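S.K.: show me the folded form of this:
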Amino acid sequence: MTTILDVLEKGAKFLENKGIKDARLNMELLVAHELGLKRMDLYLRFDQPLEETQIIQLREKLKLRAQNTPLQHLNGNVSFHHLDFQCDHRALIPRPETEELVEIALGLDFPKPARILDLGCGSGVLGLSIVNKLGASCEQLVLADLSTDALSLSRENAETHKIPAELIQSDLFNEITGVFDLIVANLPYIPETERDSLEPEVLHDPEMALFSGEDGLDLLRRFSCECLNYLSPEGVVALEVGHQQGEVVAELLRKAGLDDVEVRKDLCGIKRFPLARKP
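M.R.: Numbers count the residues shown, from 1 in each chain. Here you go, the predicted structure:
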């Protein structure tokens, strides 16, 4: 008889030997998902036996995790700002910093009921999380991305949470019409020069969701030049950018004619979130 504790201990040791960070936590999350439990519930069920089919499924997932397949892809979901979203190879895995951007955006002063654009939306979690909190204070949500794969994932997440959204395939603003009271964007910002130094798991994300030219700023330069034309009077922009890019992007926004430009820090003290307003 193989129990939950047996699987946790053997699996964690296997992942540790393969060089996977936080091996025990990884194993607990894999087992909890397979059994349909919360992670902390496992501690109350250490002696519970597992069925052979469950062990086989976990064994296959362990092999993939040992090859650096992200945990979120193996479980097929990610917890983000109090909601569970589908997550797979079609879009970037949401990062904790982007949850901070949700909170910052919700605290900004912009016209309501709001028309909101999530540009480069990926899985849609940024825009959907904001609208989930705004409720009736949101008039329109547009999720836009160049990737049709990402848009299909966004649509599934919107439908799961019953949040109305218009989905548009667009290269930045090319196919966008109208103006918005809030534009949020977590665009690709990793420099090509950092490709070889990334964690192996990161490279499971779509390449087009990661890299943006030699210095990582190609798309952010385009965004900064064009966003003013898509903001309503008093409309605001809230961005997430890479480390050491915050002040650079802030200056791009100033040169493009936006007002009240500032850069907020993330919880690690990195200048991560450029903000600006239409004059």
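S.K.: CA-only coordinates of stretch 204-219 in PDB, if you can.
M.R.: Extracted as PDB, the C-alpha positions of stretch 204-219 are listed here (Å, rounded to 0.1, in the frame of the first residue of the first chain):
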ATOM      1  CA  HIS A 204       8.700  26.900 -21.700                       C
ATOM      2  CA  ASP A 205       6.700  30.100 -22.100                       C
ATOM      3  CA  PRO A 206       6.100  31.300 -25.700                       C
ATOM      4  CA  GLU A 207       9.100  33.100 -27.100                       C
ATOM      5  CA  MET A 208       7.000  36.000 -28.400                       C
ATOM      6  CA  ALA A 209       5.800  36.600 -24.900                       C
ATOM      7  CA  LEU A 210       9.300  36.900 -23.500                       C
ATOM      8  CA  PHE A 211      11.700  38.800 -25.700                       C
ATOM      9  CA  SER A 212      11.600  42.300 -27.200                       C
ATOM     10  CA  GLY A 213      14.900  43.100 -29.000                       C
ATOM     11  CA  GLU A 214      18.400  43.500 -27.800                       C
ATOM     12  CA  ASP A 215      17.500  45.700 -24.800                       C
ATOM     13  CA  GLY A 216      14.000  44.400 -24.200                       C
ATOM     14  CA  LEU A 217      12.400  47.700 -25.000                       C
ATOM     15  CA  ASP A 218      11.300  47.400 -28.700                       C
ATOM     16  CA  LEU A 219       7.600  46.900 -27.900                       C
END
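S.K.: contacts for it?
M.R.: Under the contact criterion Cβ atoms under 8 Å, 6 or more residues apart in numbering, stretch 204-219 has outside partners 68-70, 73, 89-93, 120, 122, 146-147, 149-150, 172, 187-195, 198, 202, 220, 242, 245, 248-249, 252. From N, CA and C alone the C-beta is placed, and that goes for glycine too.
S.K.: need the pLDDT of Leu203.
M.R.: Here, the pLDDT recorded for Leu203 equals 89.
S.K.: on the three-state scheme, it is what?
M.R.: Here Leu203 is recorded as helix under DSSP: H, G, I helix; E, B strand; the rest coil.
S.K.: show me what contacts it?
M.R.: Contacts of Leu203 by Cβ under 8 Å, 6+ apart: none found.
S.K.: rewinding a little: among the contacts of stretch 204-219, which ones are buried?
M.R.: Neighbour counting by 16 or more other Cβ atoms under 10 Å classes 69-70, 73, 90-93, 120, 122, 146-147, 149-150, 172, 187-191, 202, 220, 242, 245, 248-249, 252 among the contacts of stretch 204-219 as buried.
S.K.: so of those, which ones are in strands?
M.R.: Among the buried ones among the contacts of stretch 204-219, DSSP state E puts none in strands.
S.K.: Ser170 is in contact with Thr148, correct?
M.R.: No. Assessed by Cβ atoms under 8 Å, Thr148 is found out of contact with Ser170, at 11.2 Å.
S.K.: out of these two, which sits in the busier spot?
M.R.: Taking neighbours as other Cβ atoms under 10 Å, Thr148 and Ser170 compare with Ser170 leading, 18 against 11.
S.K.: the stretch 151-279 of the chain: strands as residue ranges?
M.R.: Here the stretch 151-279 of the chain has its strands, by DSSP state E, counting those that start in this stretch, at 166-169, 180-185, 231-239, 259-265, 271-277.
S.K.: from Thr69, how far off is Arg59?
M.R.: 14 Å (Cβ to Cβ, to the nearest Å).
S.K.: cool, Glu192 as well?
M.R.: 24 Å.
S.K.: again, but for Leu101
M.R.: From Leu101 over to Thr69 (counting by Cβ to Cβ), the distance is 26 Å.
S.K.: coming back round to it: most tightly surrounded among the strands of the stretch 151-279 of the chain?
M.R.: Burial of the strands of the stretch 151-279 of the chain is given as mean neighbour count (mean count of other Cβ atoms under 10 Å); strand 180-185 ranks first at a mean of 25.
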